[in-house]
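Participant: give the three-dimensional model of this entry:
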Amino acid sequence: MCPAPDSAERAGTGRAPGLPEVAAWCGEAGDWERLDEPGSGIELHVCRAGERIRVLAVRGEIDAAEAAAFQDAAIDLVRTARYLVVDLSGVRFLASRGLAALVRTQRAADAVGTTLSVITGGSRVVLRPMQVTGVDSQLQLVGALEDLERP
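Facilitator: Residues are numbered from 1 along each chain as shown. Next up, the predicted model:
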C-alpha cells in the first residue's frame, strides 16, 4: 500500500490537487495502492472502498504511451469489482488511445456485470474528446463523486 497522494486526502478533505474527490470514499492513507511505474507520465492510484467497490484515480496524461497501462489497470479492477469508479478529474491530456481504453473497459465491465462510472471533474480536457468522438454516450459520466450514490 502507498500513502494517499497528499496530506489533504489523508485528512479526508477530498480536495487534494489531482485527486480532489475520491477521499470521501477511500479514507486514510493505508487504503491506497499505487499501480503505475514511478517515473511514468501517468499516476494510477486505487482504493478499495468496500467489499467490491474500487476507485481508480488517474493523474497526468493518458496518451498513446500510457493508455495501455491505464487500460490494464482498469480492466483488472473490473474483474474483481462489482462497482468501479474511474476518477479522471486529475487528467491533463486524454488521447484517442485513452478514449479507446475507456470503451474497452466499459465493454469488459458489461461482460462481467460490473457498474462503471467515470468522474470527469467537469474538465474540458476530458469531456471535449469524449463529446467529439461520441464516447460520452457510451459511458456513465458524472461531474463529481458526490453525484454518485454509494452502493
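
Participant: SS state for the spatially most central residue of the chain?
Facilitator: Taking C-alpha atoms, centre = their mean, the centroid of the chain lies closest to residue 86, which sits 2.4 Å from it. The three-state assignment at residue 86 reads strand, by DSSP: H, G, I helix; E, B strand; the rest coil.

Participant: how about it, what does it touch?
Facilitator: 56, 58, 74, 102, 105, 116-119 (C-beta atoms under 8 Å, 6 or more residues apart in numbering). Every residue, glycine included, has its C-beta placed from N, CA and C.

Participant: so which helix or strand takes in residue 64?
Facilitator: Assigned by DSSP states H and E, residue 64 belongs to no helix or strand.

Participant: what's the local residue count around it?
Facilitator: 11 (other C-beta atoms under 10 Å).

Participant: and it, what's its pLDDT?
Facilitator: Residue 64 is assigned a predicted lDDT (pLDDT) of 91.

Participant: leaving out chain neighbours, which residue sits closest to it?
Facilitator: What sits nearest to residue 64 in space, not counting adjacent residues and going by C-beta to C-beta, 6 or more residues apart in numbering, is residue 97, at 4.9 Å.
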